[in-house]
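In: next comes the sequence, and after it the predicted model I'd like to discuss.
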Amino acid sequence: MKNTDARISRMREPRNAILAFLPFPIRKPCAIGTLCALGVLCILCALCVSCEVETHSKGNIDGNWHLVKIDTLATGTAVDLSENRIFWAFQANLLQLRDNDRPDTVYIMRFAIDGDALALSDPRINDRETGDPIAELTPTLKHLGINQAEELFAIEQLKNTRMTLSSDMLRLTFKKH
């Protein structure tokens, strides 16, 4: 009976109303703020444990790469593009290709990495309003380093700030931006 009387007396105080429903008596008074903080902490921990964080890191390839040089392997000629603003941006499984000096068309492609091979496929014009239509191979796309709808590049170098890709026809040199 003594325990029940103690609970009832605790319930009469507004700040202790929550504490009265605990199945055990609290010897020292506890601030409601401390209980709220513990409750929030428990909820955050539960959320962190129950949610799966989805990541798509492809190692050092993720990010924005500036195309600085194209070597034509058959002729041995090289074109310095360091003054041009041609960029390849890798994220998740999508590649965005753009020439910031000619911003009229931006392309997207799917990419996959298998060991030291980079496969590009499904070139499209980045235009959400029209549903990203399939891109035809145009001089603009070739200017960005893409000669075929499905390209396979060997990754010759992939470091924090440098990347070199080579196909049957071209060697592309990039600097991370």
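Out: Looks like it arrived, so ask away. Numbers count the residues shown, from 1 in each chain.
In: contacts for stretch 78-92, please.
Out: Contacts of stretch 78-92 with the rest of the structure, by C-beta atoms under 8 Å, 6 or more residues apart in numbering, involve 56, 58, 61-72, 95-101, 111, 143-145, 174-175, 177. (Glycine included, C-beta is placed from N, CA and C.)
In: err, stretch 141-160, not the other one
Out: 59-61, 67, 70, 86, 88, 97-99, 107, 109, 113, 116-123, 135, 137, 163-167, 169-172, 176.
In: now stretch 124-138
Out: 96, 105-109, 122-123, 141, 146-149.
In: out of everything not next to it in sequence, what's closest to residue 153?
Out: residue 165 (3.9 Å; C-beta to C-beta, 6 or more residues apart in numbering).
In: contacting residues around that neighbour?
Out: 118, 153-156, 171-172, 174.
In: that's a helix at it, yeah?
Out: No: secondary structure of residue 165 (DSSP: H, G, I helix; E, B strand; the rest coil): strand, not part of a helix.
In: partner residues bridging it?
Out: Beta-bridge partners for residue 165, by DSSP bridges, are residue 155, residue 172.
In: one step back: show me the contacts of stretch 124-138 that map onto helices.
Out: Using DSSP state H, residue 141 are the members of the contacts of stretch 124-138 that sit in helices.
In: derive a PyMOL selection command for the buried subset of the contacts of stretch 124-138.
Out: Those of those that count as buried under 16 or more other C-beta atoms under 10 Å are selected in PyMOL with:
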select buried, resi 105+106+107+108+109+123+141+146
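In: looking at the contacts of stretch 124-138, which are in strands?
Out: Of the positions in these, 96, 106-109, 122-123 sit in strands, assigned by DSSP state E.
In: Serialize those residues to CSV and add fields for pLDDT and distance to residue 81.
Out: Converted to CSV, the ones in strands among the contacts of stretch 124-138 look like this (pLDDT from 0 to 100; distance: C-beta to C-beta, whole Å):
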residue, pLDDT, distance to residue 81
96, 97, 17
106, 94, 17
107, 96, 16
108, 96, 20
109, 96, 19
122, 95, 25
123, 95, 20
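In: farthest-apart pair in those residues, please.
Out: The distance between the two most remote of the ones in strands among the contacts of stretch 124-138 (C-beta to C-beta) is 14.9 Å, for 106 and 122.
In: which intervals of this protein have sub-threshold pLDDT?
Out: For the chain, the stretches with pLDDT under 70 are 1-59.
In: just checking, residue 69 touches residue 175?
Out: No: using C-beta atoms under 8 Å, residue 69 is not in contact with residue 175; the gap is 9.4 Å.
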